[in-house]
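J.: Need a 3D model of the following:
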Amino acid sequence: MATPPLDRRPIIISGPSGVGKGTLYNRLFAQHPDTFCLSVSHTTRTPRPGEANGVDYHYVSMGDFEDLIAKDGFVEHAQFGGNRYGTSKMTIEDQTKKGKVVLLDIEMEGVKQIKQSSIAARYIFIAPPSLETLEARLRGRGTENEASIQKRLNQANNELEFSKTPGVHDKIIINDDLDKAYNELEEYIYQSSD
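T.: Numbering: from 1, shown residues only. Below is the predicted model of the structure:
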């Protein structure tokens with residue numbers, strides 16, 4: 001039986017690319033089926049092979065996306081490489097009404113926007129043991145070219161600096177050992193909120 005945590009606020013997970021966020025929250029979903037759901041973002045980019053509308057993203061036109069911005073429909077939105085990405089308030093509300101705890105995987109700028117929105121959430125930052133370890137993980141993927149790796153490492157450095165800002169994150173987990181990091185994540189999510 002799926003037991004939801006006592007604290008049902010959305011969970012915002014952030015951290016640099018390659019730090020293992022997906023591995024951690026996918027394990028959480030596997031351990032607690034029907035309890036959590038990943039917030040599906042809206043995007044103006046075209047689906048990649050194997051991606052499905054409503055599963056990977058909600059694919060919308062630039063016009064529709066801008067309409068949603070105008071109607072204040074996003075808790076956060078950003079632009080990357082000419083495409084827009086955003087998390088809609090409706091998506092979070094719909095899933096919360098269904099009794100799910102919504103999990104958002106969001107980068108630093110998105111975290112700043114949600115902090116300023118009306119959404120009450122819990123913020124978790126997943127940090128690498130060191131930038132060197134992160135670099136080794138990114139290189140180990142074998143999917144990135146040198147320029148892309150350097151860009152991700154610069155961004156990681158910015159995110160790690162930002163994570164040191166007092167009061168931004170409720171919990172910082174260093175993903176040095178996957179099992180240990182997962183246990184910390186689960187304990188934090190399920191701790192009784194007083």
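
J.: part of a strand, is His58?
T.: Yes. Counting by DSSP: H, G, I helix; E, B strand; the rest coil, His58 falls inside a strand.

J.: For it, name its beta-bridge partners.
T.: His42 (DSSP bridges).

J.: you'd agree it is up against Thr44?
T.: No. If you go by CB atoms under 8 Å, His58 and Thr44 don't touch, sitting 10.3 Å apart. C-beta here means a position set from N, CA and C on the backbone, and glycine is covered the same way.

J.: ok, longest helix in the chain?
T.: helix 146-163 (DSSP state H).

J.: Can you list the buried residues in that one?
T.: 149, 152-153, 156, 159-160, 162-163 (16 or more other CB atoms under 10 Å).

J.: Kindly provide the whole-number mean pLDDT of it.
T.: For helix 146-163, the mean per-residue pLDDT is 93.

J.: Which elements pack onto it?
T.: helix 108-115, strand 122-127, helix 131-141 (3 or more CB pairs under 8 Å, 6 or more residues apart in numbering; DSSP states H and E).

J.: CA-only coordinates of it in CSV, if you can.
T.: The C-alpha atoms that make up helix 146-163 are tabulated as CSV, following Å, rounded to 0.1, in the frame of the first residue of the first chain:
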residue,chain,number,x,y,z
GLU,A,146,34.1,18.9,-24.7
ALA,A,147,32.4,22.3,-25.1
SER,A,148,29.2,20.8,-23.7
ILE,A,149,31.0,19.3,-20.7
GLN,A,150,32.7,22.6,-19.9
LYS,A,151,29.4,24.4,-20.2
ARG,A,152,27.8,21.9,-17.8
LEU,A,153,30.7,22.2,-15.3
ASN,A,154,30.4,26.0,-15.3
GLN,A,155,26.7,25.7,-14.7
ALA,A,156,27.4,23.2,-11.9
ASN,A,157,29.8,25.6,-10.3
ASN,A,158,27.1,28.3,-10.4
GLU,A,159,24.5,25.9,-8.9
LEU,A,160,26.9,24.8,-6.1
GLU,A,161,27.6,28.5,-5.2
PHE,A,162,23.8,29.2,-5.3
SER,A,163,23.1,26.1,-3.1
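
J.: returning to what we had before: just so I know, which of the helices and strands packed on helix 146-163 lies nearest Phe80?
T.: Across the helices and strands packed on helix 146-163, Phe80 has its closest neighbour in helix 108-115 (9.9 Å, CB to CB).

J.: and the angle for the closest one with strand 122-127?
T.: Between helix 108-115 and strand 122-127, the angle comes out at 160 degrees (axes from the mean of the first three to the mean of the last three CA atoms, to 10 degrees).
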